[in-house]
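here is a sequence together with a model predicted from it:
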Amino acid sequence: MDDCWDVMKDLQFLIATDEQLQDELAQVCEILDSDQASTSVSCAPDSEEAATSAASSLLRRSSRLDEDSSSTDGVSRSKVATTLPSTLSTKRKVAAAILPEKGKPKPMRSSVRQREEIHLLRRQINELTSRLHAKETTDMTTLDMSLWERTAKLECIEKNKAVHENEQLKDAVYQQATFIEQMQRVLRKKPRIGANIMDIHSDDWQAYKLAAQVSLREAAIHAIADRQYRRMQSAFIKAGVFHRDRCLFQIQAIPQPDNSFLVEMVTHLTLDAPFRLVAAQAWQVCDGELAIDLPEGAAETFQHIDPYTVYGTLLLPHMGVQCHSNTIRKYYIEQDRHVILSRSVLEDAAVPHMSKGAVENRTMWLQVTPLPDDSNQCRFTLLQQLVWPVEDFAKEEHGLDNVVTAMKRVCFGQEVRPGTLPMAEWQMDLTKLPYPSMGAFAERGRRFVRLLKSKVNEAIESFHGQQHDTDPLLV
């Protein structure tokens with residue numbers, strides 16, 4: 001016969017999936033918890049048998065994950081070899097802990113020990129699964145690929161991840177349709193207690209919302225920043241600055257499907273200083289160490305989550321409206337580049353009056369990379385995206401075009417000397433802006449960018465001054 005039987009392909013139907021193993025582990029933990037709370041001892045043998053079966057299945061699954069990951073690359077076999085002995089020893093410990101010797105009474109705390117062993121196995125399964133996924137990603141983006149091929153594969157991975165998350169969300173909404181209808185009826189009858197009934201979900205950070213609890217806030221801040229970091233490459237590709245050699249200064253207004261506009265500002269050029277020096281100076285401006293000259297009545301505070309993560313709150317009164325600009329800023333230090341990103345928060349439970357005023361919706365990516373042929377020069381890329389919602393109606397037709405023209409004069413100017421950031425002296429008349437709430441955010445953004453450029457230029461001048469002092473005298 002020409003067709004051969006693919007045994008490995010059909011064998012997958014006999015192997016339990018990760019979801020099935022996780023369900024078995026959860027059931028075992030529930031059985032152990034119920035055995036500990038109950039005074040009856042009749043169910044103890046059944047729980048021991050279930051724990052033994054699930055533990056053995058999990059250990060076989062752990063060994064199989066290590067063997068699969070080791071077969072993809074010869075270099076990783078040594079790592080798996082060091083993992084297998086620990087897994088086998090854990091298996092013996094679990095067997096010794098779960099199966100007591102005959103003739104001896106069962107220990108009083110055996111259920112606690114069994115539950116701890118099961119939790120240990122779950123952690124090992126999660127660790128091995130993450131290692132396997134990381135190995136698959138590494139295999140798809142090997143170093144022998146070209147730049148654009150590796151970039152395309154990474155973009156494909158992110159796209160598949162987004163599609164998978166979207167499918168999971170659709171399935172969850174479909175499964176909970178009845179529950180949602182019941183909650184809607186309850187909330188319509190009792191609107192005052194609706195806020196107390198609703199719980200703070202872990203997915204709120206995806207809508208740029210922060211909870212009032214400290215632990216949830218910090219976790220959401222890091223999650224928002226890390227997601228913006230992953231989106232930077234796609235944003236650079238769309239803006240036309242991904243691995244671009246030539247300079248680019250550009251401002252454009254991009255219409256959105258909801259009739260809002262995305263104002264995109266791009267500054268991409270080569271600076272005459274090392275990339276680490278430029279990035280460190282820019283971070284001093286972003287983390288609040290170098291204060292901005294704020295307008296009268298404005299108040300700004302900074303909360304340092306860690307040395308590389310900052311959450312800033314800004315309140316700007318403008319034309320009788322309280323304007324809020326709360327931003328998350330994070331600094332990523334890598335071997336071949338430094339990245340600073342900033343993302344506005346749309347809702348903050350710690351600022352209850354935030355929803356009554358105007359809220360800024362801004363994203364900023366700043367990347368500094370060294371030139372391959374000169375370590376004393378770097379490529380500076382600053383990409384800002386500002387979203388203007390539908391509720392902010394223009395006072396006149398074609399108002400956004402006039403704003404873009406005015407912002408070009410404010411953001412871009414003549415450079416002091418080659419290798420420095422261009423500075424603009426033109427001032428914007430905020431009273432003539434066609435958008436009511438744009439004035440406060442535009443002025444604050446102008447002052448921030450101006451301070452950033454001036455401090456970076458000062459660092460460049462200081463670097464060349466020190467370099468000139470250390471040069472030997474020419475005779």
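Structure's in. What do you need?

all strands for the chain, in order.
209-210, 248-255, 261-271, 299-306, 309-318, 321-324, 327-333, 338-344, 347-348, 358-359, 362-371, 374-388 (DSSP state E).

what lines up beside the second one in the sheet?
When you say that, I think you mean strand 248-255. Next to strand 248-255 in the sheet, as set by DSSP bridges, lie strand 261-271 (antiparallel).

which outside residues touch the strand it pairs with?
239-241, 244, 247-256, 278, 368, 371, 377-388, 400, 403-404, 407, 411-412, 419-421, 456, 460 (CB atoms under 8 Å, 6 or more residues apart in numbering). For every residue, glycine as well, the C-beta is placed using N, CA and C.

isn't L366 up against C378?
No. In this structure, L366 is not within contact of C378 by CB atoms under 8 Å, at 11.9 Å.

between the two, which one's more packed in?
C378 (27 against 24; other CB atoms under 10 Å).

ok, the more buried one to E458 distance?
Per CB to CB, to the nearest Å, C378 is found 16 Å from E458.

where are the low-confidence patches of the stretch 201-350 of the chain?
In the predicted model of the stretch 201-350 of the chain, residues 201-203 satisfy pLDDT under 70.

again, only using 80
201-204, 258-260, 291, 295-296, 318-320 (pLDDT under 80).

so who does H304 touch?
Here H304 is in contact with 287, 310 (CB under 8 Å, 6+ apart).

gap between it and I221?
Taking CB to CB, one finds H304 at 11 Å from I221.

go on, V339?
Counting by CB to CB - V339 and I221 are separated by 16 Å.

ok, these two, which is more surrounded?
Applying other CB under 10 Å to V339 and I221 shows that I221 carries more neighbours, namely 23 against 19.

isn't that one right up against K209?
No. The pair I221 / K209 is not scored as a contact, 11.3 Å apart, by CB under 8 Å.

what comes into contact with stretch 283-296?
Contacts of stretch 283-296 (CB under 8 Å, 6+ apart): 300, 302, 304, 310, 312, 314, 316, 329, 331, 340, 342, 440, 443-444, 447-448, 451-452, 455.

mind checking which of these are buried?
Neighbour-count burial (16 or more other CB atoms under 10 Å) applied to the contacts of stretch 283-296 gives 302, 310, 312, 314, 316, 329, 331, 340, 342, 440, 443-444, 448, 452, 455.

put together JSON lines for the strands of the chain, with distance to D226 on each row.
Formatted as JSON lines, those follow (distance: least, CB to CB, whole Å):
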{"stretch": "strand 209-210", "distance to D226": "15"}
{"stretch": "strand 248-255", "distance to D226": "25"}
{"stretch": "strand 261-271", "distance to D226": "22"}
{"stretch": "strand 299-306", "distance to D226": "13"}
{"stretch": "strand 309-318", "distance to D226": "10"}
{"stretch": "strand 321-324", "distance to D226": "23"}
{"stretch": "strand 327-333", "distance to D226": "8"}
{"stretch": "strand 338-344", "distance to D226": "9"}
{"stretch": "strand 347-348", "distance to D226": "19"}
{"stretch": "strand 358-359", "distance to D226": "22"}
{"stretch": "strand 362-371", "distance to D226": "13"}
{"stretch": "strand 374-388", "distance to D226": "18"}
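
beta partners for L366?
With DSSP bridges as the rule, L366 is bridged to I340, L382.

how about M423?
Beta-bridge partners, per DSSP bridges, of M423: Q414.
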